[in-house]
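Sequence plus predicted model, see below.
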Amino acid sequence: MSMRLVVALSVALGMVATQASAETDIERGEYLSHVMVCVECHTPGLLSGGERGPDLAGSEVGYGIPFLGVFHGPNLTPDDETGLGSWSADDIVKAIRTGERPDGRILAPAMPWRSFAKMTDEDAYALAAYMQSVAPVSNQVPGPFGPSETPTSFYYNFVMPAKE
């Protein structure tokens, strides 16, 4: 085999490998939704051990936070009624980075937005693109329930440590 053929094959294989490993924003966003465990808190069945529902369709399991109430991972699919259908990519990125919804409401403390505050624009918008690309699912999660309300669903309780 001539040296030219070896070089040509190496270059061609390198180009194919590069093209095969390139990912779209949506693929990157899907990857991030798993690494950042968005799917864990926002997918039916994952926290309860039940049958897994569609990714990001909202959880039937809530988080009890002392003095605040019980909050469920909401539907993050682009459903207009129960999800993020009316949210823009900028709205989603702002919520991920600052914990603030388009209506000004602050997300529940269980949402670790402070950990995501310094995400790159590329990653934040890739995550938003993925959320906007999944099939819309109509799924209204329970709550939120204030501290004096009785939750109608299963929830995990955060417990405050005893003061010494």
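Happy to help now that I have it.

and the closest residue to residue 47 other than its chain neighbours, how many neighbours does it have?
Among residues not flanking residue 47 along the chain, residue 61 sits closest, at 3.9 Å (C-beta to C-beta, 6 or more residues apart in numbering). The way it works is simple: take the backbone N, C-alpha and C, and place the C-beta from them, glycine included. By other C-beta atoms under 10 Å, the residues close to residue 61 number 21.

which residues in the chain form helices?
3-21, 25-35, 38-42, 89-98, 113-116, 121-133 (DSSP state H).

what stretches of the chain score poorly on pLDDT?
The model of the chain has pLDDT under 70 over residues 1-22.

So which residue is dead centre in the chain?
In the chain, the residue lying closest to the centroid (C-alpha atoms, centre = their mean) is residue 38, at 3.2 Å.

so who does residue 158 touch?
By C-beta atoms under 8 Å, 6 or more residues apart in numbering, residue 158 lies in contact with 63-66, 110.

residues contacting the nearest residue to residue 41 once chain neighbours are set aside?
Ranked by C-beta to C-beta, 6+ apart and with sequence neighbours excluded, the top spatial neighbour of residue 41 is residue 73, at 3.7 Å. By C-beta under 8 Å, 6+ apart, the contact set of residue 73 is 41-43, 47, 58-59, 61, 110, 141.
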